[in-house]
Each structure stands twice: as structure tokens, then as C-alpha cells.
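In: sequence and predicted structure, then a few things I'm wondering about:
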Amino acid sequence: MSVRKKWVTSAFNQISTMDAKGATPPAAECSDGRLSKSKNLKRKLSDDLGTVQKIVNKNVTENMSQKNWLNTFAPSNVNELAIQPKKIAELREWFQHCDSMRNKQPAQICLLSGPSGCGKTAAVYVLSKEFQFYLQEWINPIDQEIIYNLGDQGYGEGYKNSQSESFKSFLFKASRYRSILGITNDKRRLLMVEDFPNFLLKDGDAFQEILEDYQNYGKSPIIFIVTDSKSRGLNINYNLFTDQLKQKLLIQHINFNAIASTLMQKAMKRFCSIIAMQTEKEMYKVPATVIIDSIVVSAQGDIRNALINLHFAALNGVPGVLVTSLDKPKDSKLMIKKRKSQNSLKSIGKDESITMMHALGRVFNPKYVDNQERFLHSPEDIADAFVTEPKKFTDMLQTNYLSHFREIEYIAPASNGLSLSDLLFQEYREDTLAHVGLNIAIRSLMVTNKQPITAWLPVKAPKRLLLDHQAKLPKEAAHHLIKPYNVSSNLYNTDYHTYVKILSQQNK
């Protein structure tokens, strides 16, 4: 009988030539012709396995040598961050405050919030390296079922480790004890939480108790990074970090804005300079200027989105990315200034995001289309962008709307709309009324302001009155209030405090 020829050869990376030789059974006694034919077949199989092994080993070595391409573009110092310098200065001041309070109160808490891709995590990495902090990040662990074993026999009931206990263990142990993975003694520890455990999203009281315990017993500062969300149910900043909690625990809140177009262009130039390096030419090619400008426009201030699009557009062997021109408004008033034609990516993009300042400008200085019959920016779209923080946006409107009106007859209906929105915000039993109140406040200002002031006016932040510190009526209030004055502290601070202060200054 002739030996059956194998037409499939196994090419697993676990196979090696030595193992194949060791696993070969001894040759059976047979005739000379059959023995020579069997030896030739074995030699051929051995050569094939050796060739396959060399190819597999080469591929494995190449894959192991390849590093994460995102680390190639990661910033190494503050100058390479595409973030507003004011926000970097605020975060640096918090790091310096942690240094000054290291012995008195080491468990300082900071909250970083902002839209996706605004450089929050990158700023923490760069500044922690600058201030020589050893950064320890919380990552949600995979549920592991623990079973008691006796040899190879399992007995007893298995159980899964609690996620809340794991999170508490990380906070208190990571802030107290040093790592055994080579951390030096001169480096301090900094904890970072960006991937929040699931149980915290449903139990805000438990999160508050954990933070209170950490502030009392923690030994290292901690930073929480939160991404803004349009959905109120998914907005961690709104659900967990309430104003009362931030005031009680003295949490430093730093809100990052979307990346400006000028900073985005500067970052894209740095990315392109890295792509043009000799070490990256095998993988990348520098894309055209039109594609780079289209990526900046499509990113909408998201530098992560821009970097990913640039990565795919600059890969060698990838067909060209399609772009489409953006339509310019046909209104003659908007075409006074000659603008450079802008392009956007045709297949890859990002939903339009609006910042607080842009939204205030659209409300205080509304633009019309279709012969002054329809708003260019819909009030419903502006309200949907701030549905997670309606009270904050309405406070900004109440603080700054007076300076944008020319006539008192326009201010009266606008103030009535703001008063109605305040009443709707007080109804806590129905969440949808907060969105209705925000819509009424925005629409009342846009509709009633027939002739807005177009001059540049600075935006003022709303003032918060701390009623606990002003519980008692001051002495000068007795000279200006009508006797007998039966005024509560809340009513005095909301209605009488400003007038008493003005009268006291005039009498001096």
C-alpha cells in the first residue's frame, strides 16, 4: 500500500521543529523502497514545519514590537497640550495646593468635567509627571466568582466579590500603601477615577458616604474625570457631584471647554510633524492640507476624534478620504466678511456641540432667516443642549440679560418668562418640567428682544448667597427697615440686602 499524501499542514504557533521531531514515532521495519520514501516524506514535512515556524515567530516578534499608535502622539509636556492656558493654570494651582496641604489635609478632591476629547486625561498625565506624582487609575474589574476548592473538587457555595468593596479597597489602600512594581520612595501618589463603578450611578448617597470617609482617612489626592452628556440620567456630574456635596467637601471643580479651532490647528501641525519623521514613514504619509482642514472642522472641538480621523487618513495604502464643502448662508448680512471656504469629511463626522458662551450669544443676539420669520438657531435645539443643567444655564441668563436690552418695554415680558421658568424649576416631582422651564426662559428672551444691543459685553457669573453665614440680620438693617420689621433671613438676603447696602453707602 502506498503512503497517503497529506495536503494540509498544521501551522499553529505552538508547533516547533523540535517538538515535531520529538513527537515522531520510530520508523517501522519495512522494505528499502518504502523506507526511503518514508524518510523523504518526513524530511519534507520537517522542512515545511521549520519554514512555518520561522514565519510565525517573525510575525509574533513584529506584533510584540509594535507599540500603541496613540502613545506616539501623546503630549510629553504642557506646551504640547491643546488646552486653554487658563484651564491648565487652574489645574496647576490645584496640584500646588495639594503640595501645601500635604501634611494637614492630604485627601484633596478635584473634579474635571468637559465634553469628550477636550484633553482632561492628557492634562492630568502631563501635570502629574511634572509634579512627580505616581498616578494610579481605577479600572472596573471583571466579576470573578470565588469558589472554595479541595484539590480538584469544588465545595461550598461560590460568591462574587462586591464591586463597592473593591472600589473602597482601592481608594483606601492605594492612597496609603506603595506599589511593589518599582515605585520610588520620592514619588507621591495621585488617584484618578474616570471609569466609574456601576453601583455609584444608581446610589448617590453611597458615593457621598465614600467621599466623606475618604476625606477623613485618605492619604493621597484624588481626581474624578467626568464627560458631559446630554442625557440627564447619564450625566455623572449632575447626578453624583451636586452643589451641596461640592461645597461640603470643598471639591475643586474645573470645567474644560471644547478645543478651539486655533489650538486644534496647532495640535494637527504637531501630529503631522510626527508623521513626517523617518521612523513613521513606513506606516504614515502626510495628508493634504484640505483633508487636515476638513478633519478640524468635522471634529467639533474633539481632539480624540481628530486624531483618529488623521490616523486613518494618513495610513499608507489607504484610498483618499472624501470631503464635501459646507454650504454658506445666503443671507447678505452674514456674507459681509469674506470667509475661507470650509470642507468637512463626507463619511466621518461628529454631532455639533455648543458651548455655554456660544449658546448665550445665540439667545441674547438671535439671528433670523426667511424674512425675519424664523430663528436661525432654534430655541428647542439650544434647550436640548443644556437639558442636563437647566438651572445653571437659566442663572446665566438671569445674570446677563438686562445689559442686552434697549427698551424697558422689552424687559417686562422677558422677566415674566424668567419668573415662570423659576416656578417650574421648583417642581421637583416631574423632571420634564425643568426642560419646559428652560425652553420658556430661552424663548422669552429671544422673542421679546426686538432690538438687541450688539456691542461687546462681558459675561458675568451668577452670585451665590451663603445663607448660613448671613443668618442674623446686620445692625444697619434696623436703621432702614420699617418697624416692626419681621423679615426672615431668606427674605432679607433675596429682597432687602441689596437695597440696604446701597442706602448704607449713601449715608456714609
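Out: Cool, got the structure. Residues are numbered from 1 along each chain as shown.
In: any idea how far Q84 is from S116?
Out: For Q84, the distance to S116 (Cβ to Cβ, to the nearest Å) stands at 16 Å. In this view, the C-beta of every residue, glycine as well, is placed from N, C-alpha and C.
In: now do the strands in this structure.
Out: Taking DSSP state E to define them, one finds strands in the chain at 109-114, 133-138, 145-150, 153-160, 188-193, 222-227, 252-255, 323-325, 343-345, 368-369, 374-375.
In: tally of neighbours for R374?
Out: 9 (other Cβ atoms under 10 Å).
In: check A414 too.
Out: 21.
In: pLDDT score for V487?
Out: Per-residue pLDDT puts V487 at 69.
In: low-confidence ranges, the stretch 1-150 of the chain, go.
Out: 1-67, 142-150 (pLDDT under 70).
In: stretch 386-402: which residues count as buried?
Out: Applying a neighbour-count criterion of 16 or more other Cβ atoms under 10 Å, one finds 386-391, 393-394, 396-398, 400-401 buried in stretch 386-402.
In: pick out the most distant pair among those residues.
Out: Within the buried residues of stretch 386-402, T388 and Y401 form the most distant pair, 21.7 Å apart (Cβ to Cβ).
In: circling back: what is the lowest-pLDDT residue among the buried residues of stretch 386-402?
Out: Per-residue pLDDT puts T388 lowest of the buried residues of stretch 386-402, at 73.
In: so how far is A434 from that residue?
Out: The value you get for T388 to A434, if Cβ to Cβ is used, is 10 Å.
In: ok, I88 next?
Out: Counting by Cβ to Cβ - I88 and A434 are separated by 34 Å.
In: mind checking which of these two has more residues around it?
Out: A434 (22 against 18).
In: which residues sit in contact with that one?
Out: Residues in contact with A434 (Cβ atoms under 8 Å, 6 or more residues apart in numbering) are 387, 390-391, 424-425.
In: need those in TSV (columns: distance to S166).
Out: Shown next, in TSV, are these (distance: Cβ to Cβ, whole Å):
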residue	distance to S166
V387	33
P390	35
K391	35
L424	41
F425	38
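In: cross these against helices and list the overlap.
Out: Residues from the contacts of A434 lying in helices, with DSSP state H as the criterion: 390-391, 424-425.
In: and the two most separated of the residues you listed?
Out: By the measure Cβ to Cβ, K391 and L424 form the most distant pair in the ones in helices among the contacts of A434, at 10.7 Å.
In: helices along the stretch 151-300 of the chain, start to end?
Out: 163-176, 198-202, 204-217, 236-239, 243-249, 261-275, 289-299 (DSSP state H, counting those that start in this stretch).
In: could I get these as a markdown table with mean neighbour count and distance to R189?
Out: As requested, those are exported to a markdown table (neighbours: other Cβ atoms under 10 Å; distance: least, Cβ to Cβ, whole Å):
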| stretch | mean neighbour count | distance to R189 |
| --- | --- | --- |
| helix 163-176 | 16 | 6 |
| helix 198-202 | 13 | 22 |
| helix 204-217 | 15 | 13 |
| helix 236-239 | 19 | 24 |
| helix 243-249 | 13 | 19 |
| helix 261-275 | 16 | 30 |
| helix 289-299 | 20 | 34 |
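In: isn't W138 up against F167?
Out: Yes. Judged on Cβ atoms under 8 Å, W138 makes contact with F167 at a distance of 7.1 Å.
In: joint contacts of those two?
Out: Counting by Cβ under 8 Å, 6+ apart, nothing touches both W138 and F167.
In: the residue nearest to D195 when sequence neighbours are not counted: what's it in contact with?
Out: Once flanking residues are discounted, D195 sits nearest to N140: 5.2 Å by Cβ to Cβ, 6 or more residues apart in numbering. If you count contacts by Cβ under 8 Å, 6+ apart, N140 has them with 163, 195, 197-198.
In: phi and psi next, for N140.
Out: phi -60, psi 120 (degrees, to the nearest 10).
In: and if you look at I139?
Out: Phi and psi for I139, reported as degrees, to the nearest 10, are phi -130, psi 130.
In: list the contacts of it.
Out: D195.
In: quickly note the distance from it to F224.
Out: In terms of Cβ to Cβ, I139 sits 14 Å off from F224.
In: cool, and T355?
Out: 22 Å.
In: neighbour count for the two, which is higher?
Out: F224 (22 against 15).
In: and that one, what are its bridge partners?
Out: L111, V193 (DSSP bridges).
In: among the contacts of A434, which one lies nearest to R270?
Out: V387 (35.8 Å).
In: so what's the closest one closest to, chain neighbours aside?
Out: Of all residues not flanking V387 in the chain, H435 sits nearest, at 5.3 Å (Cβ to Cβ, 6+ apart).
In: same check on S261?
Out: Counting by Cβ to Cβ, 6+ apart, the residue nearest S261 is V296, at 6.3 Å.
In: residues contacting Q84?
Out: Counting by Cβ under 8 Å, 6+ apart, the residues that Q84 touches are 256-257, 260, 263.
In: and the residues you listed, which are buried?
Out: Of the contacts of Q84, these count as buried by 16+ other Cβ under 10 Å: 256-257, 263.
In: lowest-confidence one in the residues you listed?
Out: Out of these, that is N257, at 87.
In: that residue against G114, yeah?
Out: Yes. N257 lies in contact with G114 (Cβ under 8 Å); the separation is 6.6 Å.
In: before we move on, the earlier item: how about the residue nearest to S261, what does it touch?
Out: 261, 264-265, 268, 306.
In: just those residues now: which is nearest F405?
Out: S261 (31.1 Å).
In: quick one: pLDDT of that closest one?
Out: At S261, pLDDT is 87.
In: what about it, distance to A385?
Out: 19 Å.
In: before we move on, the earlier item: out of the helices of the stretch 151-300 of the chain, which comes closest to Y496?
Out: Among the helices of the stretch 151-300 of the chain, helix 243-249 sits nearest to Y496 (Cβ to Cβ), with 24.3 Å.
In: circling back to that earlier point, same list (the ones in helices among the contacts of A434) but as JSON lines, adding distance to D228.
Out: Listed next are those as JSON lines, based on distance: Cβ to Cβ, whole Å:
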{"residue": "P390", "distance to D228": "14"}
{"residue": "K391", "distance to D228": "16"}
{"residue": "L424", "distance to D228": "23"}
{"residue": "F425", "distance to D228": "20"}
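In: ok, so of those, who is nearest S220?
Out: Distances from S220 to the ones in helices among the contacts of A434, taken by Cβ to Cβ, are shortest for K391, at 33.4 Å.
In: in contact with the residue lying closest to that closest one once chain neighbours are set aside, which residues?
Out: Once flanking residues are discounted, K391 sits nearest to F425: 5.8 Å by Cβ to Cβ, 6+ apart. By Cβ under 8 Å, 6+ apart, the contact set of F425 is 390-391, 394, 433-434, 437.
In: name the nearest of those residues relative to N103.
Out: Scanning the contacts of F425 for proximity to N103, where the rule is Cβ to Cβ, the winner is K391, at 38.4 Å.
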